[in-house]
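Engineer: here is my input; please provide its structure:
(one chain, ligands or ions: 1)
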Amino acid sequence: MLELLAKPVTQKKNEILAKKCREFISRAHRPPQLTVVLVGEDPASVIYTRKKGEMAVSLGFEHKTLCFPATAAPEEVKSKIQSLNEDPLVDGILIQRPLPKSFREDEVLFWVDPSKDVDAFHPIHMGRLSLGLPCFVPCTPAGIMELLKHYQIPIAGKTACIVGRSSIVGRPMAALMLAANATVIHCHSHTPDLRAMTRQADLLIVAAGKRGLIDGSFIKKDAVVVDVGIHRTPESKLAGDVLYPEAAKIASAMTPVPGGVGPMTIALLMENTLSAAFGQLDHS
Ligand code: GUN
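Structural biologist: Sure thing, here's the model as predicted:
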């Protein structure tokens, strides 16, 4: 079984990003700037936010995290984001999810100006992605496509099954797979016989957010399995939505957790930030 490790891909990518960052600095006379907005203290979000910041700094970007308490009024956060939208020194803005319950996701999606929306969650990006038009692509699905490309996993003509329909992963992933000429089976919590669907997949992408949902019996022999889940086990280890040891006996290739999808997401976030920065420069 081939382990689809992110490291060889991110190492190469980070060298290219650091070089492009230097090019940006020499043209703009300032570093590209990413601002992360964190509301509340969800422990996983605090760690992710820190990791994003460390990577940004290591590539030569400027990075800021704006922290709000979980009790912050949505209007207060919205007004801060509006001022970031208007700030010419801010290239990329990311609102870390999950947000407290007082925030309405259907409204928040519209807050970040699409030209600075490095998460690519704005409906304009999702719409363009669904139509196969150029746009920012959400970082996790874009990272998965790069990982599959690096390991020369064929997609066109294959059956891809996606488990999960979040706007962060499942929906954009389905659009990308369709654009890459896969036949797409899209499953979710109301799919009656999930196993019957996943067993048809040459390419199984699991983003359900349920630890161990997928055991060996869900996997077609020699399928390629991508595990987007990340969970803390009672033994304080990290695990995905797929039961790795038994899946590894059936799959021909699979992403580990950690070390598979996660680092790719961060790398693509940096790439989107740099694209947003060059975009600003070209329009100024
Ligand atoms: N929470 C979990 N994954 C993500 C992501 O890719 N972007 C944001 N903004 N929040 C997340």
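Engineer: ok, the closest residue to Ala180 other than its chain neighbours - contacts?
Structural biologist: Closest residue in space to Ala180, ignoring its immediate chain neighbours: Ile155 at 4.3 Å, by C-beta to C-beta, 6 or more residues apart in numbering. (Each C-beta comes from the backbone N, C-alpha and C, glycine too.) Residues near Ile155 by C-beta atoms under 8 Å, 6 or more residues apart in numbering: 148, 177, 180-182, 203.
Engineer: how many neighbours does the residue of the chain at minimum distance from the ligand have?
Structural biologist: For the chain, the residue closest to the ligand is Arg97, as judged by C-beta to the nearest ligand atom, at 3.6 Å. Neighbourhood size, Arg97 [other C-beta atoms under 10 Å]: 17.
Engineer: how about it: what's its closest non-neighbour residue?
Structural biologist: Ile168 (6.8 Å).
Engineer: got the residues of the protein near the ligand?
Structural biologist: 94-97, 119, 139-140, 168, 265 (C-beta under 6 Å from any ligand atom).
Engineer: now, those that are in strands?
Structural biologist: If you go by DSSP state E, the residues of the chain next to the ligand have 94-95 in strands.
Engineer: these two touch, right, Cys139 and Thr273?
Structural biologist: No - contact criterion C-beta atoms under 8 Å: Cys139 and Thr273 do not qualify, at 9.9 Å.
Engineer: quick check, the residue nearest to Arg97 in contact with Pro138.
Structural biologist: Yes - with contact defined as C-beta under 8 Å, Ile168 and Pro138 form a contacting pair (6.1 Å).
Engineer: neighbour count winner among the two?
Structural biologist: Counted by other C-beta under 10 Å, Ile168 and Pro138 do not tie: Pro138 has more neighbours, with 29 against 19.
Engineer: surely Gly279 is within a helix?
Structural biologist: Yes - the assignment for Gly279 is a helix, going by DSSP: H, G, I helix; E, B strand; the rest coil.
Engineer: which non-adjacent residue is nearest it?
Structural biologist: Ser115 is the one closest to Gly279 (C-beta to C-beta, 6+ apart), at 5.9 Å.
Engineer: what ranges does the stretch 101-250 of the chain have for its helices?
Structural biologist: Residue ranges of the helices in the stretch 101-250 of the chain, as given by DSSP state H, counting those that start in this stretch, are 105-108, 123-130, 139-150, 170-179, 194-198, 244-250.
Engineer: on that earlier part again, surely the residue nearest to Gly279 meets Ser275?
Structural biologist: No - with contact defined as C-beta under 8 Å, Ser115 and Ser275 do not form a contacting pair (9.9 Å).
Engineer: show me the shaky parts of the stretch 101-250 of the chain.
Structural biologist: By pLDDT under 70, the stretch 101-250 of the chain contains no weakly predicted segment.
Engineer: for burial, what's the neighbour tally of the closest residue to Gly143 other than its chain neighbours?
Structural biologist: Spatial nearest neighbour of Gly143, chain neighbours left out: Met264 (2.9 Å); criterion: C-beta to C-beta, 6+ apart. Other residues near Met264 number 26, with proximity taken as other C-beta under 10 Å.
Engineer: hang on, Met264 packs against Gln11?
Structural biologist: No - applying C-beta under 8 Å, one finds Met264 not in contact with Gln11, separated by 11.9 Å.
Engineer: ok, now how distant is the residue nearest to Gly143 from Asn14?
Structural biologist: Note on Met264: its distance to Asn14, by C-beta to C-beta, to the nearest Å, is 12 Å.
Engineer: ditto for Phe278
Structural biologist: Distance of Phe278 to Asn14, given as C-beta to C-beta: 17 Å.
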